[in-house]
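Undergrad: here are the coordinates; sequence isn't available:
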């Protein structure tokens with residue numbers, strides 16, 4: 001009987017740990033999403049700024065000046081193209097995901113995950129064939145690769 005409260009505490013602490021793990025994963029996902037989107041936006045902004053600086057603006061000729069005003073600058077064209085491409089890709093993929101969700105008939109994400117998981121083939125991992133995944137140094141990694149290559153060659157003989 002005295003073990004029961006200890007088991008209850010153990011279960012509660014495990015549930016708290018699982019919630020903390022989920023929260024940490026969500027925070028990490030949000031962080032990486034923000035960092036990558038800022039990187040993409042800053043890269044595009046720098047490239048548009050570079051194009052604007054390099055664009056020739058020789059408007060001394062009257063005919064050239066009239067022609068230039070009819071044309072759109074390269075930076076404006078790139079900005080408009082990026083906006084449209086982003087709108088089409090995000091909208092199209094969102095529509096695709098939403099249609100798959102509705103076609104599956106799922107009410108929540110867990111139900112959707114199980115339905116899609118039952119449709120997709122199972123991937124069976126063979127623990128024996130996985131090999132090592134942790135190395136202390138590059139030298140140890142390369143030595144392991146050499147040893148594995150030699151082992152495979154000896155098996156073929």
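TA: Sure thing, it's come through. These numbers come from a predicted model, not from an experiment. Numbering: from 1, shown residues only.
Undergrad: burial of residue 102, as a residue count?
TA: Neighbours of residue 102 under the rule other C-beta atoms under 10 Å: 9. (Glycine included, C-beta is placed from N, CA and C.)
Undergrad: Could you do residue 131 as well?
TA: That count, for residue 131 with other C-beta under 10 Å as the rule, works out to 9.
Undergrad: ditto for residue 73
TA: Neighbours of residue 73 (other C-beta under 10 Å): 14.
Undergrad: Same check on residue 106?
TA: 16.
Undergrad: helix, strand or coil for it?
TA: coil (DSSP: H, G, I helix; E, B strand; the rest coil).
Undergrad: from what I can see it touches residue 115, true?
TA: Yes. Taking contacts as C-beta atoms under 8 Å, residue 106 lies within contact range of residue 115: 5.6 Å.
Undergrad: ok, residues contacting stretch 40-48?
TA: Identification of contacts with stretch 40-48 by C-beta atoms under 8 Å, 6 or more residues apart in numbering yields 75, 78-79, 82.
Undergrad: ok, now with 10 Å
TA: Residues outside stretch 40-48 that contact it (C-beta atoms under 10 Å, 6 or more residues apart in numbering): 73-76, 78-79, 82.
Undergrad: buried sites along it?
TA: residue 48 (16 or more other C-beta atoms under 10 Å).
Undergrad: Specify the residue ranges that define each domain of the protein.
TA: With domains defined by automatic domain parsing, the chain comprises 1-56, 74-120.
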